[in-house]
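*Asks:* Coordinates for the following, if possible.
(one chain, ligands or ions: 1)
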Amino acid sequence: MSVRVRFAPSPTGFLHIGNARTALLTWLFARKNSGHFLLRIDDTDRERSRDECEQDIMDSLTWLGLNWDDKANQKDRMDFYNKRITQLKADGRLYPCYETPEELSLKRKSQLSRGKPPIYDRAALDLTDAQKAKYEAEGRQPHWRFKLLDEPIEWDDLIRGPVSFKGSDLSDPVVLREDGTPLYHLCSVIDDIDFGITHVIRGEDHVSNTATHVQMFKAMGATPPEFVHMSLISDAEGGKLSKRLGSLSMRDLREDEGLEPMSIISLLARLGTSDPIEAFRAIDPIIESFDFSKFSRGTPKFDPEELVRLNAKILHETGYEDIKPRLDEIGADDVDETFWNAVRPNLEKLSDIKDWWHVAKGPVEPVIEDADFIAQAAALLPPAPWDENTWSTWANKVKDETGRKGKQLFMPLRQALTGMEHGPELSDLLVLIGPEKAQERLSFKKAA
Ligand code: GLU
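*Replies:* Down below sits the predicted model:
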């Protein structure tokens, strides 16, 4: 049996960190098993679905390198749903209900106050035709529920292990709205059947939905697929992903934070697994090591700081050839290989390179505390052309002449040359600055 999976976002918001993790793990599973990855847009809620969000989801997946083999929109599949719905009604598995939201909420409250679980009481099943006709004459349109059978529901979850529910512990889910349009549950199951999905991979917030879906698959004569429910990620303190992090969108990470996609992939692929989190520059080793059996049921913590650390590590290890397109993208197309190699150990985010470019090319305001020392050093600058040995030649001369060494020697030189106390190796930096600018900076006089 070849693996067929789907990632099924609702286009009601931008792709965020939680969804991106579902997409990634689903994609990795597909690629590991030479399977098929469907992007299914769950846009049955026409009021909340937005084209802009669907576009963002596609752009973000593409940016992350997660390509899809096929794409479907639920809004285009109404004919398929309607055929199945007609059959389910004929089979007596869907039934009309006339309660208003207020009536349902009252029922729930009264059940809870009596210490009972808020399960729908199926009052609608007892309605006579005359009562239904009366409701309709009053202008009430029914919503429809799927009738669950009172039998055990079991599956062996690839992460959670054996899961079981009793049909009688669950509410019959509402599957058709008052206007007759189908809701997520039914559409999702029909699509999973029609697209031959073999593994449904989603967050653990869907576990009880899955229990009802298992019966829907059976009601439509299909064998339920395998299910995989991943635990949801929490924030660094172990709490529910905060509003801020919850809305941490790929768009923010890409456009505002300027992160490399592989930093996100590296973190999300390993979060909550028994494998260590490592900075990967390519996806192949991640695909290779991927296995649901390595995922724990515990709640993994998402720490944005870790993303930045991975991002820095990835940049430090990326060669010029590979980074060149990204440099062009951020408008740093002047950066050549020498500059890249000199500066990359100092980068956390790629955009930091602009700061170092500025340090090398100026203008910078030199910091000169001991003007006599700096004047002495300036007089000893070796003649052009300069290379990576120029710094040590010069530093040795300055040391011999002034008797300074260590930090006393190089810190004032660094500050005079760059205006800063830290940065790339001076041996690299000096060449990047060049004789003219170096002389200029060492002779800098602060305006009185
Ligand atoms: N649209 C649903 C969601 O985003 C899909 C869940 C599923 O994978 O079936 O939660």
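
*Asks:* Please count neighbours and contacts with C-alpha atoms only from this point.
*Replies:* OK.

*Asks:* show me where the stretch 101-250 of the chain has strands.
*Replies:* 143-146, 152-157, 161-166, 174-176, 199-203, 226-230, 234-235 (DSSP state E, counting those that start in this stretch).

*Asks:* now these in a markdown table, with mean neighbour count and mean pLDDT?
*Replies:* Shown next, in a markdown table, are the strands of the stretch 101-250 of the chain (neighbours: other CA atoms under 10 Å; pLDDT from 0 to 100):
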| stretch | mean neighbour count | mean pLDDT |
| --- | --- | --- |
| strand 143-146 | 23 | 98 |
| strand 152-157 | 15 | 97 |
| strand 161-166 | 13 | 97 |
| strand 174-176 | 21 | 97 |
| strand 199-203 | 21 | 97 |
| strand 226-230 | 21 | 97 |
| strand 234-235 | 19 | 83 |
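
*Asks:* can you redo these as a markdown table with distance to the ligand?
*Replies:* What follows is the strands of the stretch 101-250 of the chain, written out as a markdown table (distance: least, CA to the nearest ligand atom, whole Å):
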| stretch | distance to the ligand |
| --- | --- |
| strand 143-146 | 17 |
| strand 152-157 | 14 |
| strand 161-166 | 17 |
| strand 174-176 | 14 |
| strand 199-203 | 5 |
| strand 226-230 | 10 |
| strand 234-235 | 17 |
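
*Asks:* Contact partners for the nearest residue in space to Arg309 that is not next to it in sequence?
*Replies:* Once flanking residues are discounted, Arg309 sits nearest to Glu348: 7.2 Å by CA to CA, 6 or more residues apart in numbering. Residues counted as contacts of Glu348 (CA atoms under 8 Å, 6 or more residues apart in numbering) are Val308, Arg309, Asn311, Ala312, Lys313, Leu315.

*Asks:* and the ligand, which of the residues you listed reach it?
*Replies:* For the ligand, no contacts are drawn from the contacts of Glu348 by CA under 6 Å from any ligand atom.

*Asks:* ranking those residues by neighbours, who comes first?
*Replies:* Asn311 (27 neighbours; other CA atoms under 10 Å).

*Asks:* Next one: it, what pLDDT does it get?
*Replies:* Note for Asn311: predicted pLDDT of 97.

*Asks:* can you check Leu245 too?
*Replies:* For Leu245, pLDDT reads 56.

*Asks:* so after the helix or strand of the chain with the lowest mean pLDDT, what's the next helix or strand?
*Replies:* Sorting the helices and strands of the chain by mean pLDDT, DSSP states H and E puts helix 243-246 at the bottom, at a mean of 56. Downstream of helix 243-246, the next assigned helix or strand under DSSP states H and E is helix 250-251.

*Asks:* Please compute how far that following helix lies from its chain's middle.
*Replies:* Centroid separation for helix 250-251 versus its chain: 8 Å, with CA atoms, centre = their mean, to the nearest Å.

*Asks:* quick check: mean pLDDT across that helix?
*Replies:* 94.

*Asks:* and the next helix-or-strand element following that helix, how far from the chain's centre?
*Replies:* Per DSSP H and E, the first helix or strand lying C-terminal to helix 250-251 is helix 261-270. Helix 261-270 has its average C-alpha position 8 Å from the chain's average C-alpha position, going by CA atoms, centre = their mean.

*Asks:* swap in stretch 19-30?
*Replies:* The answer for stretch 19-30 is 10 Å, by CA atoms, centre = their mean.

*Asks:* Can you pull out the low-pLDDT segments for the protein?
*Replies:* Residues of the chain meeting the criterion pLDDT under 70: 242-247, 448.

*Asks:* just to revisit the earlier point, before we move on, what SS does the residue nearest to Arg309 have?
*Replies:* The local conformation at Glu348, judged by DSSP: H, G, I helix; E, B strand; the rest coil, is coil.

*Asks:* And for stretch 422-440, what's in contact with it?
*Replies:* By CA under 8 Å, 6+ apart, stretch 422-440 touches 339, 342-343, 345-346, 360-361, 378, 381, 383-384, 386-392, 414, 417.

*Asks:* Any quick ChimeraX command for the buried ones out of these?
*Replies:* Selection of buried members from the contacts of stretch 422-440 for ChimeraX, criterion 16 or more other CA atoms under 10 Å:
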select :339,342,343,345,346,360,378,381,390,391,414,417
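
*Asks:* Which ones among the contacts of stretch 422-440 lie within helices?
*Replies:* Phe339, Ala342, Val343, Ala360, Lys361, Ala378, Thr390, Trp391, Ser392, Arg414, Leu417 (DSSP state H).

*Asks:* With respect to Leu248, which of those residues is nearest?
*Replies:* Nearest to Leu248 among those, counting by CA to CA, is Val343 at 29.1 Å.

*Asks:* In this structure the closest one contacts Ile353, no?
*Replies:* Yes. Val343 lies in contact with Ile353 (CA atoms under 8 Å); the separation is 7.3 Å.

*Asks:* and whichever residue of the stretch 251-400 of the chain sits closest to the ligand, how many neighbours does it have?
*Replies:* In the stretch 251-400 of the chain, the residue that lies nearest the ligand is Phe292 (16.4 Å; CA to the nearest ligand atom). A total of 13 residues lie near Phe292 under the criterion other CA under 10 Å.

*Asks:* Also the one 3 residues further on?
*Replies:* One way to gauge burial is a neighbour count; for Phe295, by other CA under 10 Å, it gives 20.

*Asks:* Likewise for Arg344?
*Replies:* Neighbour count for Arg344, taken as other CA under 10 Å: 24.

*Asks:* just checking, it touches Leu315?
*Replies:* Yes. Between Arg344 and Leu315 there is a contact at 6.5 Å, judged by CA under 8 Å.
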